[in-house]
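Enquirer: how would this look folded up:
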Amino acid sequence: MREMFSGSMITVAIAGAAVGVISLSVVGTQAQGLASSGAAPAAAALKTPWGEPDLQGIWTDETDTPLQRSPKYASQEFFTEAQRAELDKERSALLGRDKRGERGTELDVAGAYNAEFASIKRTGARTSRIVDPPKGRIPPLTREAEKIAAVDRDFRLAL
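Expert: This is a model prediction of the structure:
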């Protein structure tokens with residue numbers, strides 16, 4: 001009997017501590033509202049205690065945006081709704097195309113990883129993740145960068 005009472009008291013103590021922590025966090029967030037003057041304060045970039053931009057939060061990636069812009073879209077920074085719908089339609093047709101075949105066949109191996117490498121996300125609004133240069137493509141290497149890449153390639157091939 002004494003052990004049952006002790007166990008239930010521990011449960012009550014844990015629940016009370018959890019409620020206290022939750023109420024403290026709710027009070028803390030309520031204090032971050034707008035100023036009482038009625039005017040919205042100027043939006044300041046949130047900073048970490050050491051002065052860098054604060055990037056904490058939940059980041060989602062609900063759409064698929066290619067790194068480089070296709071030459072087909074040249075200097076177009078954003079897709080139109082019609083273009084996005086067409087690209088989504090093409091992508092969904094591709095996803096169903098390669099199903100795994102009978103075990104041990106070439107199609108079995110060829111289609112085994114389709115879900116891993118093919119995106120099932122909707123097309124994003126941007127035509128590329130690269131925004132500078134305006135063409136949305138990775139710029140060619142400079143002569144100095146080509147020399148560095150050649151030295152690195154030679155080093156790796158020597159191993």
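Enquirer: can you show me the helices along the chain?
Expert: Using DSSP state H, the helices of the chain run over residues 2-30, 81-95, 106-110, 114-117, 143-158.
Enquirer: which of the ones you listed comes out lowest on mean pLDDT?
Expert: Least confidently modelled of the helices of the chain is helix 2-30, at a mean of 54 by mean pLDDT.
Enquirer: quick check: Gly124 vs Lys72, distance?
Expert: 16 Å (CB to CB, to the nearest Å). Yep, even glycine has a C-beta here, placed from its N, CA and C like the rest.
Enquirer: which one's more surrounded, those two?
Expert: Comparing Gly124 with Lys72 by other CB atoms under 10 Å, the one with more neighbours is Gly124, at 18 against 8.
Enquirer: isn't the more buried one up against Thr63?
Expert: Yes - using CB atoms under 8 Å, Gly124 is in contact with Thr63, at 3.5 Å.
Enquirer: now the common contact residues for these two.
Expert: Contact criterion CB atoms under 8 Å, 6 or more residues apart in numbering; residues shared by Gly124 and Thr63: none found.
Enquirer: and Gly57, what's its pLDDT?
Expert: At Gly57, pLDDT is 88.
Enquirer: need phi/psi at it.
Expert: phi 140, psi -170 (degrees, to the nearest 10).
Enquirer: now for it, how many residues are close by?
Expert: 7.
Enquirer: equivalent analysis for Arg126, please.
Expert: 17.
Enquirer: now swap in Thr123 and tell me
Expert: 21.
Enquirer: how much space between it and Pro66?
Expert: Distance from Thr123 to Pro66, by CB to CB: 9 Å.
Enquirer: got it, and Ser92?
Expert: Taking CB to CB, one finds Ser92 at 17 Å from Pro66.
Enquirer: and if you look at Arg91?
Expert: In terms of CB to CB, Arg91 sits 12 Å off from Pro66.
Enquirer: likewise for Glu90?
Expert: 14 Å.
Enquirer: of the two, who's got more company?
Expert: A direct count of neighbours by other CB under 10 Å for Glu90 and Pro66 places Pro66 higher, at 16 against 11.
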